[in-house]
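1. Need a 3D model of the sequence below.
(chains A, B, C and D)
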Number of protein chains: 2
Amino acid sequence: MHDIHSPKQEHCSRLCAPLCFRGTLVRMSSTAHGARARARVEVTAAIKEEARRQLAEDGAAKLSLRAVARELGMASSALYRYFPNRDDLLTALIIDAYDSVGEAAEAARDAAGGTGPVPRWTAVCEGVRRWALGHPHEYALIYGTPVPGYSAPRTTVPPAARGAMVLIGILRDAHRGPGLAGPALPAELRPEAVRMAADLAPDLPPEVVVAMVAVWAQLFGLIGFELFGQFNRVVEDRDTFFRHAVGHLAHTVGLR
Amino acid sequence: MHDIHSPKQEHCSRLCAPLCFRGTLVRMSSTAHGARARARVEVTAAIKEEARRQLAEDGAAKLSLRAVARELGMASSALYRYFPNRDDLLTALIIDAYDSVGEAAEAARDAAGGTGPVPRWTAVCEGVRRWALGHPHEYALIYGTPVPGYSAPRTTVPPAARGAMVLIGILRDAHRGPGLAGPALPAELRPEAVRMAADLAPDLPPEVVVAMVAVWAQLFGLIGFELFGQFNRVVEDRDTFFRHAVGHLAHTVGLR
DNA sequence: CACAAAAGAGAGCAGCGTTCTCGCCCGGTG
DNA sequence: CACCGGGCGAGAACGCTGCTCTCTTTTGTG
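-> Numbers count the residues shown, from 1 in each chain, chains lettered A, B, ... in the order given. Presented below is the predicted three-dimensional model:
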């Protein structure tokens, strides 16, 4: 009976470390009254952090709520106070992953600095690829087989667009500057193109927007094939191959 | 005690139906001596058939050996006489899925008949897309997140290439006929391109082969984004969008 | 200080993949 | 024809999973 608290001690040692780490940062932003709410966001963050660690290690399929709780020193049932089920925890990780890849794209754009639109385009694409190679399981989580049911909740839409917005920004600069040679647009696709442009980038020509969306999907075809082993024994020099391919994608979307 | 055989009866009723169905076909081809070996391939086929059914219904993540065995009326442990573990069963389904999509590509090509290379190209791409939309879980199994570990066994390579070979055949026809306007090939990519051409299509120009591989990956970027919900609230008229995109891919690879 | 809400603990349920051991029964051999 | 070995199925068991329910502890607030 006397050692029944030993897991609880582990709870405190393991859990409080990451919590206190972020505590000072959260103290200001958490306007919700009381330390209660603060503790809640901190425990939530700790759960996500540990889950992300396990995701990066073994992939989404192996991610186990029990293992996360065990590592945090809490009962598995307690975890359900924060995430109603496994899929909701995964959804939180999905949003984080979208933000992570979006950040990588923005960082690559900023690192490319004042070069021309095509080198910046290439740099961003390579940044996304490098992020994917470095975070394969996170990549699989968001661009691989969808895990929960079939439709992602609406919350995931804005973070998902973040990366594409970086490329659209480059197109916008090019459109204001040296100009953009938009590909031809068949009449049957025009209404759809106009609608997409209104939603995504009203200041760009519709034919460029429609090409951009297609190219965005194609970019992840290239990355996914490399990451998921489809290029094994087919493509060897993948850096060069990828750079060549995304250069062609830039051309497709109208950059010269 | 006396009703202990009732599962066994179900075993016979459910199991023998598909077995006897294929029995006459297998009788000739199965040269392995004895009915013993014949029964083995038949039970193996029945397991795969039921597994494929469950895969199509609920996806690979939900596929359960116990459920397959239950549906077949046999003990779950007995299933391990045929597949040493779950991953090996999935691998068998993967190979079947590759063959299935390859067949769909070939059928689309044959249905396009004597039209020009570009319409035939488009028809094959649309055939692959239609197969994917009709078999989303099979698609996810082979082009989504890889399930077992990270490297597919060598056995999956030839079936995986079957679909690409259809498109390569179209390129080959165009190369012998109206000609193929291969895109430029930077010097740094030339050695890789020559190697790839030697492996895949020695009779095609290296720059066409390297573009073909890239385009093949990009095709599945388009299909995957549509299937996995990335186009939700972005692309509405997907038929038209896809046709336009693959038309551009044909241009990329040199078809005019 | 008292009370209600929040949160953690623990047991329990059903399901899973996998392993082991046991009997049965069929097919090739003497 | 008798026999026997080996393939095969059944069933129990282990450890794991997601998830629920109940009970107790903690904690912020009127």
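
2. Domains in chain A, by residue range?
-> Per automatic domain parsing, the structural domains of chain A span A:6-79, A:86-253.

3. so does the last one get close to DNA strand C?
-> No. In terms of CB under 7 Å from any atom of the strand, no part of domain A:86-253 sits within range of DNA strand C; the closest distance is 12.9 Å. From N, CA and C alone the C-beta is placed, and that goes for glycine too.

4. Now the host helix or strand of A:A198: buried residues?
-> Per DSSP states H and E, A:A198 falls inside helix A:190-200. By neighbour count on 16 or more other CB atoms under 10 Å in any protein chain shown, the buried set for helix A:190-200 is A:192-197, A:200.

5. Just checking that helix against chain B, any contact.
-> Yes. Interface with chain B: helix A:190-200 contributes A:191-192, A:195-196, A:199-200 (CB under 8 Å from any CB of the partner chain).

6. quick one on the thing from earlier: now, among the buried residues of helix A:190-200, which is nearest to DNA strand C?
-> A:L200 (38.9 Å; CB to the nearest atom of the strand).

7. If you average pLDDT over each of the domains of chain A, which is lowest?
-> Note on the domains of chain A: domain A:6-79 shows the lowest mean pLDDT, a mean of 73.

8. residues near whichever residue of the stretch 101-250 of chain A sits closest to chain B, how many?
-> Across the stretch 101-250 of chain A, no residue is closer to chain B than A:G221, which sits at 2.2 Å (CB to the nearest CB). Applying other CB atoms under 10 Å in any protein chain shown, we find 25 residues neighbouring A:G221.

9. That one and B:F220: what is the separation?
-> A:G221 sits 5 Å away from B:F220, taking CB to CB, to the nearest Å as the criterion.

10. top helix in chain A by residue count?
-> The longest helix of chain A (DSSP state H) is helix A:86-112.

11. Could you dump the domains of chain A into JSON lines with distance to DNA strand D added?
-> Listed next are the domains of chain A as JSON lines, based on distance: least, CB to the nearest atom of the strand, whole Å:
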{"stretch": "domain A:6-79", "distance to DNA strand D": "3"}
{"stretch": "domain A:86-253", "distance to DNA strand D": "3"}
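
12. element containing the nearest residue in space to A:A67 that is not next to it in sequence?
-> In this structure, A:A67 finds its nearest non-sequential neighbour in A:Q54, 6.3 Å apart by CB to CB, 6 or more residues apart in numbering or on different chains. For A:Q54, the element it lies in under DSSP H and E is helix A:34-58.

13. Which one of the domains of chain A lies nearest to B:V68?
-> domain A:6-79 (18.6 Å; CB to CB).

14. before we move on, the earlier item: does any part of the helix holding A:Q54 sit near DNA strand C?
-> Yes. On the criterion CB under 7 Å from any atom of the strand, helix A:34-58 is in touch with DNA strand C at A:36, A:39-40, A:43.

15. Check which helices and strands the helix or strand following that helix sits against.
-> Later in the chain than helix A:34-58, the nearest helix or strand by DSSP H and E is helix A:65-72. Secondary-structure packing of helix A:65-72 (3 or more CB pairs under 8 Å, 6 or more residues apart in numbering or on different chains; DSSP states H and E): helix A:6-29, helix A:34-58, helix A:76-79, helix A:86-112.

16. From the chain's centroid, how far away is helix A:65-72?
-> 24 Å (CA atoms, centre = their mean, to the nearest Å).

17. tell me which residues of it are tucked away?
-> By 16+ other CB under 10 Å, the buried positions in helix A:65-72 come out as A:65, A:68-72.

18. how much space is there between A:A104 and A:V246?
-> Applying CB to CB, the value for A:A104 to A:V246 is 15 Å.

19. Looking at those two, which has the bigger crowd around it?
-> Higher neighbour count among A:A104 and A:V246: A:V246, with 26 against 21, using other CB under 10 Å.

20. My guess is the more buried one contacts A:R120. True?
-> No. Assessed by CB atoms under 8 Å, A:V246 is found out of contact with A:R120, at 11.6 Å.

21. From the domains of chain A, pick the one with the highest average neighbour count.
-> Burial of those is given as mean neighbour count (mean count of other CB atoms under 10 Å in any protein chain shown); domain A:86-253 ranks first at a mean of 19.
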